[in-house]
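Peer 1: pasting the sequence and the predicted model now:
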Amino acid sequence: MAKSFREHLEQDEVLVCDGAMGTMLYSKGIYINRCFDELNLSNPAMVKDVHLDYLKSGADIIETNTFGANWFKLEPHGLEERLYEINFQGVKIAREAAGGKAFVAGSIGPLGRPIEPIGHLSQEEARQAFYDQAKAQFEGGVDLFILETFKDINEIHQALLAVKDVCDLPVIAQMAFTDEGKTAYGVSPEEVVRKLEGWGADVVGINCSTGPEGVWKAIQEMARVSDIPLSAQPNAGFPQLVQGRLLYLASPEYFAEYAKRFIQSGVRIVGGCCGTTPAHIRAIRTAVKALRPSRQLVEVKVVEVEEKVLQVKKPAEKSKLGEKLGKKFVVSIEMNPPRGPDFSKVVEGARRIKVAGVDAVNIPDGPRASARMSPLALATILESKVGIETILHYTCRDRNILGMQSDLLGAHALGLRNILIVTGDPPKLGDYPTATAVFDVDSIGLVRIANNLNNGTDLAGNPIGAATSFHIGVGANPGAISFEEEISRLKQKIEAGAEYILTQPVFDIKLLEKLLDGIKEYKIPVLAGILPLVSYRNAEFLHNEVPGMSIPKTVRDRMQRADSGEEAKKVGVQIAQEVLQEVKNMVQGVYLMPPFGRYEVALQVVEVLK
């Protein structure tokens, strides 16, 4: 190229970027379950052909076939060790195709895992992953970088920092927006352009997202508040299911009309994303050939909005359980949701438990990854029909972050206040091992989301009108294989907003003492888990096959001597009572897990407190 990329920007020239790589590879018979980035190694000729098609259509910039070539996306394909090779080769293929007549942009997309503060992946880990990818592309000889299809402003920030750590090449930073005109985490176009410009991006833009109309509207909002060069690469409309295939139906002519609007709004880089083809790029090239960017000056009126001060409740104000903790020794008993629609036996058991003076009922969420009635539904039934307080277990396994937020708001509207947030067992441990797990966030991220709701904002910090008043609990395992990691994560949960802790079943008091000592500075209420054993076989199964369970050999030996039957049940209750007696002055309550739904066994255990 006679001029550098930055020289083109300085001279207000319009550059046309290419369209979708994945769409074209799919059209050539590459299925979506394949790693498209790996084709740089196994079929470079096919990748080069796609580049050449876009160049023939008039593209000034072609993107490398490296969008998902980061450690986290390559790892499921067993390709993480070939990260450098895939990225380097992707650049080499694009440079050979361009032949010095077009710019080669290194494509970097999201990692595929949420990062802090929503996800468990640290910002340092994310930055390192982006650094490794950017370094390989820089050494391969890219002219610039395109960070694209990001939904999290924090993640693209780490990607931008990583590229800056590698080199000083130009960076186009693009985010994806929903049809509501904000990112998936609720950040507006105005805020996106201000932040990315402040962080040093050369061009800020929008790609993927919706079709041309939605992207154009968001671009106009960016143009109102910044004069940084803008870019637009929309999808070819919304995909539609046609004879079992998802197809994008926006025509090249329609796309070309919006390309003109983009340029008139100040866009310097225009191209396409999902569903676009060389035909779309050819139409864009023709439409913008004689155009130069221009911006309409829009008067922005500043409207002062009176902020509503939200009162955030203390734990004692959120629920009866929150009020009791610290004032009396609390007893909670676990009740599993039924496998079918009939909840009558659970209601009957809850009534007996309430009469016995138990403070609350714990309702697990798909224990051991089994399919059961919704715990949210059962909690609502028990609170309304029995009048006993519930602790709703909520896992990160089955819903994405939007679904989890919706569930929590719905639970609050139904009057549920006590929640226990856990990451959840993977489906492969349960009845449906082929079921798909989501895990958009882990328990730490979900605690942050729930705490945000308690402070009157959603996960993106947007006001929700009124604060929720969840009493947020978390789990802990005194017998964790990696105790240091368990304590580290537990501290993160507390700092994210946890207000009480329920432990896994305790059989070894020393392990509980060690756990309590590890978090002593937080002064947070703890309910110790107690599980009455019913037989030697039961003890061996729990110890060897249930995740998170650790039963000392001395306890298993006692159960072995009793073996099975009534004598074994009696010994199991005795062991549980001994544990209860030992922990009652160490913790603020207990959480009993009756075996096989035998609530009378749990009630026998707590008789020792009378």
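Peer 2: Thanks, I have the structure now.
Peer 1: packing partners for the one helix or strand Arg537 maps to?
Peer 2: Assigned by DSSP states H and E, Arg537 belongs to helix 536-545. If you count contacts as 3 or more C-beta pairs under 8 Å, 6 or more residues apart in numbering; DSSP states H and E, helix 536-545 packs onto helix 553-562. Using the backbone N, CA and C atoms, a C-beta is placed for each residue, glycine as well.
Peer 1: who's in contact with the helix it packs on?
Peer 2: Residues outside helix 553-562 that contact it (C-beta atoms under 8 Å, 6 or more residues apart in numbering): 507, 533, 535-536, 538-540, 543, 568, 570-572, 575.
Peer 1: now it: buried residues?
Peer 2: Residues Val555, Arg556, Arg558, Met559, Ala562 are the ones in helix 553-562 that count as buried (16 or more other C-beta atoms under 10 Å).
Peer 1: now do stretch 125-140
Peer 2: Under the neighbour-count criterion of 16+ other C-beta under 10 Å, stretch 125-140 has 125-127, 129-138, 140 buried.
Peer 1: then stretch 468-477?
Peer 2: Applying 16+ other C-beta under 10 Å to stretch 468-477 flags Thr468, Ser469, Phe470, His471, Ile472, Gly473, Val474, Gly475, Ala476, Asn477 as buried.
Peer 1: for the second one, what are its contacts?
Peer 2: When you say that, I think you mean Ser469. Per C-beta under 8 Å, 6+ apart, neighbours of Ser469: Lys313, Glu317, Lys318, Ser319, His412, Arg417, Asn454.
Peer 1: excluding chain neighbours, give the residue nearest to the first one in space.
Peer 2: Think Lys313. Of all residues not flanking Lys313 in the chain, Ser469 sits nearest, at 4.7 Å (C-beta to C-beta, 6 or more residues apart in numbering).
Peer 1: the fifth one now?
Peer 2: Take His412 and drop its neighbours on the chain: the residue closest to it by C-beta to C-beta, 6+ apart is Thr468, 4.6 Å away.
Peer 1: need the three-state assignment for the one you found.
Peer 2: What DSSP: H, G, I helix; E, B strand; the rest coil gives for Thr468 is coil.
Peer 1: give me every residue that touches it.
Peer 2: Counting by C-beta under 8 Å, 6+ apart, Thr468 has contacts Leu408, Leu409, His412, Ala450, Leu453, Asn454.
Peer 1: at 6 Å instead, please
Peer 2: By C-beta atoms under 6 Å, 6 or more residues apart in numbering, the residues touching Thr468 are His412, Leu453, Asn454.
Peer 1: would you map the helices across the stretch 101-250 of the chain?
Peer 2: 123-140, 153-166, 189-198, 212-225 (DSSP state H, counting those that start in this stretch).
Peer 1: got a markdown table for those helices, with distance to Gly78 and mean pLDDT too?
Peer 2: Shown next, in a markdown table, are those (distance: least, C-beta to C-beta, whole Å; pLDDT from 0 to 100):
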| stretch | distance to Gly78 | mean pLDDT |
| --- | --- | --- |
| helix 123-140 | 17 | 98 |
| helix 153-166 | 24 | 97 |
| helix 189-198 | 34 | 96 |
| helix 212-225 | 36 | 94 |
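Peer 1: next, the contact list for Val225, please.
Peer 2: Contact partners of Val225, counting by C-beta under 6 Å, 6+ apart, are Glu190.
Peer 1: on that earlier part again, would you mind checking the contacts of Ser469 for buried ones?
Peer 2: Applying 16+ other C-beta under 10 Å to the contacts of Ser469 flags Lys313, Lys318, Ser319, His412, Arg417, Asn454 as buried.
Peer 1: can you list which of these are found in helices?
Peer 2: Mapping these onto helices (DSSP state H) picks out Lys318, His412, Asn454.
Peer 1: now do the same for the second one: its pLDDT.
Peer 2: We have a pLDDT of 97 for His412.
Peer 1: before we move on, back to that, out of the helices of the stretch 101-250 of the chain, which comes closest to Thr503?
Peer 2: helix 123-140 (28.4 Å; C-beta to C-beta).
Peer 1: CA atoms only for stretch 12-30, dumped as PDB, please.
Peer 2: Only the C-alpha atoms of stretch 12-30 are listed here, as PDB (Å, rounded to 0.1, in the frame of the first residue of the first chain):
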ATOM      1  CA  ASP A  12     -10.600  11.300   5.700                       C
ATOM      2  CA  GLU A  13     -10.700   8.500   3.100                       C
ATOM      3  CA  VAL A  14     -13.200   5.700   3.200                       C
ATOM      4  CA  LEU A  15     -11.900   2.200   3.300                       C
ATOM      5  CA  VAL A  16     -13.900  -0.900   2.500                       C
ATOM      6  CA  CYS A  17     -13.400  -4.000   4.800                       C
ATOM      7  CA  ASP A  18     -14.200  -7.500   3.800                       C
ATOM      8  CA  GLY A  19     -17.300  -9.500   4.900                       C
ATOM      9  CA  ALA A  20     -17.800 -12.800   6.800                       C
ATOM     10  CA  MET A  21     -15.200 -15.400   6.700                       C
ATOM     11  CA  GLY A  22     -17.300 -18.000   8.600                       C
ATOM     12  CA  THR A  23     -20.200 -17.600   6.200                       C
ATOM     13  CA  MET A  24     -18.000 -18.300   3.200                       C
ATOM     14  CA  LEU A  25     -16.300 -21.300   4.800                       C
ATOM     15  CA  TYR A  26     -19.600 -22.700   5.700                       C
ATOM     16  CA  SER A  27     -20.800 -22.300   2.100                       C
ATOM     17  CA  LYS A  28     -17.800 -24.400   1.000                       C
ATOM     18  CA  GLY A  29     -18.900 -27.300   3.200                       C
ATOM     19  CA  ILE A  30     -17.100 -26.600   6.500                       C
END
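Peer 1: which positions within that stretch qualify as buried?
Peer 2: For stretch 12-30, a neighbour-count test (16+ other C-beta under 10 Å) marks 14-26, 30 as buried.
Peer 1: hmm, who's touching that stretch?
Peer 2: 8, 36, 46, 50, 54, 58-63, 65, 263, 269, 271-277, 280-281, 284-285, 288, 292-293.
Peer 1: which ones are touching the most centrally placed residue in the chain?
Peer 2: Closest residue to the average C-alpha location of the chain: Asp440 at 2.5 Å, with C-alpha atoms, centre = their mean. By C-beta under 6 Å, 6+ apart, the contact set of Asp440 is Pro114, Asn400, Ile401.
Peer 1: most surrounded residue in those residues?
Peer 2: Using other C-beta atoms under 10 Å as the neighbour test, the contacts of Asp440 are led by Pro114, with 24 neighbours.
Peer 1: where in the stretch 251-400 of the chain is pLDDT low?
Peer 2: 290, 292-311, 366-370 (pLDDT under 70).
Peer 1: let me see the ranges of the strands in it.
Peer 2: Listed in chain order, the strands of the stretch 251-400 of the chain (DSSP state E, counting those that start in this stretch) span 267-270, 330-334, 360-363, 389-395.
Peer 1: quick check, distance from the third one to the centre of its chain.
Peer 2: Read it as strand 360-363. 27 Å (C-alpha atoms, centre = their mean, to the nearest Å).
Peer 1: repeat for the last one
Peer 2: What separates the centre of strand 389-395 from the centre of its chain is 21 Å, taken as C-alpha atoms, centre = their mean.
Peer 1: now the first one
Peer 2: How far strand 267-270 lies from its chain's middle: 31 Å, per C-alpha atoms, centre = their mean.
Peer 1: partner strands of it, parallel or antiparallel?
Peer 2: Using DSSP bridges, the strands paired with strand 267-270 in its sheet are strand 15-16 (parallel), strand 230-234 (parallel).
Peer 1: the longest one too?
Peer 2: Each strand that strand 389-395 pairs with, and the sense of that pairing, follows from DSSP bridges: strand 360-363 (parallel), strand 418-422 (parallel).
Peer 1: pLDDT on the longest one, on average?
Peer 2: By that I understand strand 418-422. Confidence over strand 418-422 (mean pLDDT, whole number) is 97.
Peer 1: which residues does it contact?
Peer 2: Taking C-beta under 6 Å, 6+ apart as the rule, strand 418-422 contacts 319, 321, 391-395, 443, 446-447, 470-471, 473-475, 502.
Peer 1: closest to Ser482 out of the strands paired with strand 389-395?
Peer 2: Of all these, strand 418-422 comes closest under C-beta to C-beta, at 17.4 Å.
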